[in-house]
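1. one predicted model, sequence on top.
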Protein chains: 2
Amino acid sequence: MVDILHRVGIESPLDDVYTALTTIDGLANWWTTNTHGDENAGGVIRFRFGPEGKDGFDMKVTDLQPAEQVLWEVVGGPEEWMGTEVSFALKREGDYTIVLFQHRGWREPIEFMHHCSTKWAMFLMSLKSYLETGTGAPDPRDVLIDNWH
Amino acid sequence: MVDILHRVGIESPLDDVYTALTTIDGLANWWTTNTHGDENAGGVIRFRFGPEGKDGFDMKVTDLQPAEQVLWEVVGGPEEWMGTEVSFALKREGDYTIVLFQHRGWREPIEFMHHCSTKWAMFLMSLKSYLETGTGAPDPRDVLIDNWH
């Protein structure tokens, strides 16, 4: 099992970061504008990408610790993502809210995992930009990194 | 042992990407402007960061396969990096030169590793920008991601 790990510091209050990670509106501002579903614990959030919105991920919200942690289980999406977990751990350090991100439980370190690791970094920078400036870069305005977009 | 993985596609010829990864001038244009040393196989390249240039990494060039692969062993730098390996595997796909990046052999998935994973993503985007536009974002013009910079 292999994991994608990232760390981003955001100059915004902890509660604002938590809101951006736990509400449909917040998520739509940094990951994909095409975000719908039930944002509550136990609910499933549907993230869709691309002009037709056919591809995407369904995330079951498995744990919400206000201002501390958000945990999702992937219950729909590409085979390589199924059953993996995505977590955001939050804490304050100086002027920053630190986001420790993990996408855990990949079966193999395949090329698609390399791509997703870089892409997550860009979306976490989008989260940072959204909170610090009001403007993120969610799909379809996301930063394209390679021939897989 | 845990690894940092990334994938970036660059719309530049394979040979140009290889040159940017294997020459002092090329490396200085996307990772850190303060790059010196011996770029040949068996040589050690010294990458330094920050205004005083005291911190950095010494990379021993352990394998060079023209237009295919670059392999470094970390022989100087922070304790967590010592003995780890950095590799860049190259291939063509359509209009892109694909860079598969790995920083392998971390003993533990510590918080510093999360930071370095995100930071590598930004430097690989700097490599992409340097090759596609002529302008990268090496230290000291690098993208700051958190309170560790």
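-> Arrived safely, thanks for sending.
2. please make it C-alpha for all contacts and neighbour counts, starting now.
-> Fine.
3. who in chain A is up against chain B?
-> A:2, A:4-10, A:93, A:96, A:98, A:100-101, A:111, A:113-118, A:121-122, A:125, A:145-147 (Cα under 8 Å from any Cα of the partner chain).
4. and the residue sitting nearest the centre point of chain A, what is it in contact with?
-> By Cα atoms, centre = their mean, chain A has its centre lying nearest to A:Trp31, at 6.2 Å. Listed by Cα atoms under 8 Å, 6 or more residues apart in numbering or on different chains, the contact set of A:Trp31 reads A:123, A:126-127, A:137-139.
5. filter those to the buried ones?
-> A:123, A:126-127, A:137-139 (16 or more other Cα atoms under 10 Å in any protein chain shown).
6. A:Asp15 belongs to a helix, doesn't it?
-> Yes - read with DSSP: H, G, I helix; E, B strand; the rest coil, A:Asp15 is one of the residues of a helix.
7. in chain A, what residue sits furthest out from the centroid?
-> Chain A, Cα atoms, centre = their mean, max distance from centroid: A:Gly94 (23.6 Å).
8. what sits against that residue?
-> So A:Gly94 contacts nothing (Cα under 8 Å, 6+ apart).
9. just the pLDDT for it.
-> Reading off the confidence values, A:Gly94 has pLDDT 97.
10. please flag which of the contacts of A:Trp31 sit within strands.
-> Residues of the contacts of A:Trp31 located in strands (DSSP state E): none.
11. now A:Thr19: which helix or strand?
-> helix A:14-22 (DSSP states H and E).
12. can you tell me what sits against that helix?
-> Contacts of helix A:14-22 (Cα under 8 Å, 6+ apart): A:26-27, A:29, A:39-40, A:66-68, A:70, A:90-92, A:97, A:127, A:131.
13. what is the mean pLDDT for it?
-> Mean predicted confidence for helix A:14-22 is 98.
14. list the buried residues of that helix.
-> Going by neighbour count (16+ other Cα under 10 Å), the buried part of helix A:14-22 is A:14, A:17-18, A:20-22.
15. report the distance from it to the chain centre.
-> Centroid separation for helix A:14-22 versus its chain: 12 Å, with Cα atoms, centre = their mean, to the nearest Å.
16. and if you look at stretch A:70-85?
-> 12 Å.
17. now A:Val70, what's its secondary structure?
-> Bear in mind the rule, three-state DSSP; under it A:Val70 is strand.
18. tell me the confidence at it?
-> 98.
19. same question for A:Met1.
-> Confidence score, pLDDT, at A:Met1: 68.
20. picking up where we left off before, hey, C-alpha coordinates of the helix holding A:Thr19 in CSV?
-> Extracted as CSV, the C-alpha positions of helix A:14-22 are listed here (Å, rounded to 0.1, in the frame of the first residue of the first chain):
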residue,chain,number,x,y,z
LEU,A,14,-8.7,27.3,10.7
ASP,A,15,-12.5,27.5,10.6
ASP,A,16,-12.5,28.9,7.1
VAL,A,17,-10.3,26.1,5.9
TYR,A,18,-12.5,23.5,7.6
THR,A,19,-15.6,25.1,5.9
ALA,A,20,-13.8,24.9,2.5
LEU,A,21,-13.3,21.2,3.0
THR,A,22,-16.7,20.3,4.4
